[in-house]
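A.B. asks: Sequence and predicted model, in that order:
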Amino acid sequence: MARLVLVHGAFAGAWCWEPVLPGLREAGHEVTAIDLPGSGKDRTPVQELTLDAYAERVCSELKNGEPAVLAGHSMGGMVVTQAAALAPEHVGRLIYVAAFLPDEGQSLMDLVAYPEAADDQVQANLVVEGEPPVGMLPPAAARDALFGRCDDEQAAWALEHLQPQAVVPFTNPVHLDPAKGDAFRQLPRAYITCTQDRAIPPQMQRRMFEAAGCDPVITIETDHSPWISRTNELVAALLQLAEDAR
């Protein structure tokens, strides 16, 4: 069976993957969901939060076993890309779940500047304060942008777990280790796209997965958070991709 490492997006933590863990583990897979620095239960100071810090946390987990299927949700797509660029030898496949998928030299802020991302309701409602800057979504805006297809109970559970998000990692571009560039570019990539996403609009997801040559692309008719709004469908998609990676 496969080894899966799951990486959350902005405002979240390992908790967001809790709904999918039973289905993946019952299928016999080894599954780990991690807290990125400063997220979930991790208390790394905001001053230390960068895309590299996130990627180094993922790389430290990847080194603990056989090459992993590495999945990232939302901003987690930036993180898994950077981690795989630094340690491609520890990755068997990359999976992007309604996620940002950058090319070399691109930051998340570069990607949200594309016209296909113009309806991004996270950027439209993000409240940024402090130095270093930290962003948060008001609850009503988060409900609409992230959990639009969730029922009220699901949305309430997710909303109570949301945390402030450091902004600096949004500005950090992905960079390659020149010695590992070829190995990184040869990694298979798959994408799970969500057609009712108001955080990363579907047309933006398409732009990225087509540019990256993702194969396969699996479609789920839901919002930005399929791990809770369409748990069974996301589990089925991850199981298919994990099996393909064996």
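C.D. replies: Structure received.
A.B. asks: thought Trp15 was touching Gly40?
C.D. replies: Yes - if you go by Cβ atoms under 8 Å, Trp15 and Gly40 touch, sitting 6.0 Å apart. (Each C-beta comes from the backbone N, C-alpha and C, glycine too.)
A.B. asks: Need the overlap of contacts for these two.
C.D. replies: His8 (Cβ atoms under 8 Å, 6 or more residues apart in numbering).
A.B. asks: Which helix in this protein has the most residues?
C.D. replies: With secondary structure taken from DSSP state H, the chain has its longest helix at helix 231-244.
A.B. asks: on contacts alone, who are the packing partners of that one?
C.D. replies: Here helix 231-244 is seen to pack against helix 21-26, strand 68-73, strand 91-97, strand 189-194, strand 217-220, helix 226-229 when contacts are counted using 3 or more Cβ pairs under 8 Å, 6 or more residues apart in numbering; DSSP states H and E.
A.B. asks: so can I have TSV of these showing mean pLDDT and distance to Ile200?
C.D. replies: Compiled in TSV, these are given as follows (pLDDT from 0 to 100; distance: least, Cβ to Cβ, whole Å):
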stretch	mean pLDDT	distance to Ile200
helix 21-26	98	23
strand 68-73	98	10
strand 91-97	98	10
strand 189-194	98	8
strand 217-220	98	13
helix 226-229	98	12
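A.B. asks: May I see those arranged in a markdown table, with mean neighbour count and distance to Pro178 as well?
C.D. replies: As requested, the helices and strands packed on helix 231-244 are exported to a markdown table (neighbours: other Cβ atoms under 10 Å; distance: least, Cβ to Cβ, whole Å):
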| stretch | mean neighbour count | distance to Pro178 |
| --- | --- | --- |
| helix 21-26 | 15 | 35 |
| strand 68-73 | 28 | 21 |
| strand 91-97 | 25 | 18 |
| strand 189-194 | 24 | 20 |
| strand 217-220 | 17 | 30 |
| helix 226-229 | 25 | 35 |
